[in-house]
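> Sharing a sequence plus its predicted fold:
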Amino acid sequence: MITRYGMSRDFDMVAMETVTNQYLGGDTSLACSEETAAQIDEQVVAIVKKQHEKATKILTDDRAKLDELAAYLYEHETITGDEFMGILNR
């Protein structure tokens, strides 16, 4: 999202990735300096860390529901959408 679509406050709407062989695997290459590539790496790491923390918080906050869902699945092996939502909304 940063290099291909330019979604970054630091780089604004500047795309720095070029895609070749779009239909054959989508080979990509960066069109920027090593310093800019290092900044991109830092931003990518920051985004991944932030989203990892967010996911961990969601799982931790809803641990009781996850345990209940796991117990239900252990007992019944399958669950419908309505059953899932029933447990989730308790």
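Perfect, I can see it now. Remember, it's a predicted structure, so these values are computed and weren't measured experimentally.
> roughly how far is stretch 80-90 from the heart of the chain?
Offset of stretch 80-90 from its chain centre (CA atoms, centre = their mean, to the nearest Å): 24 Å.
> Let me see the mean pLDDT of that stretch.
What stretch 80-90 shows for mean pLDDT is 93.
> same thing with stretch 59-68?
94.
> Residues in contact with that stretch: which ones?
87-88, 90 (CB atoms under 8 Å, 6 or more residues apart in numbering). Where C-beta positions appear, they are placed from N, C-alpha and C, glycine not excepted.
> next one: phi and psi at residue 30?
Here is the backbone geometry of residue 30 (degrees, to the nearest 10): phi -90, psi 140.
> Can you give me the domain boundaries for the protein?
1-32, 33-88 (automatic domain parsing).
> export these to a markdown table and tack on mean neighbour count?
Shown next, in a markdown table, are the domains of the chain (neighbours: other CB atoms under 10 Å):
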| stretch | mean neighbour count |
| --- | --- |
| domain 1-32 | 12 |
| domain 33-88 | 11 |
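> lowest-confidence stretch among these?
Lowest mean pLDDT within the domains of the chain: domain 1-32, at a mean of 73.
> Kindly check the end-to-end length of that domain for me.
15 Å (CA to CA, to the nearest Å).
> can you give me how far it is from the chain middle?
Computed by CA atoms, centre = their mean, the chain-centroid distance of domain 1-32 equals 18 Å.
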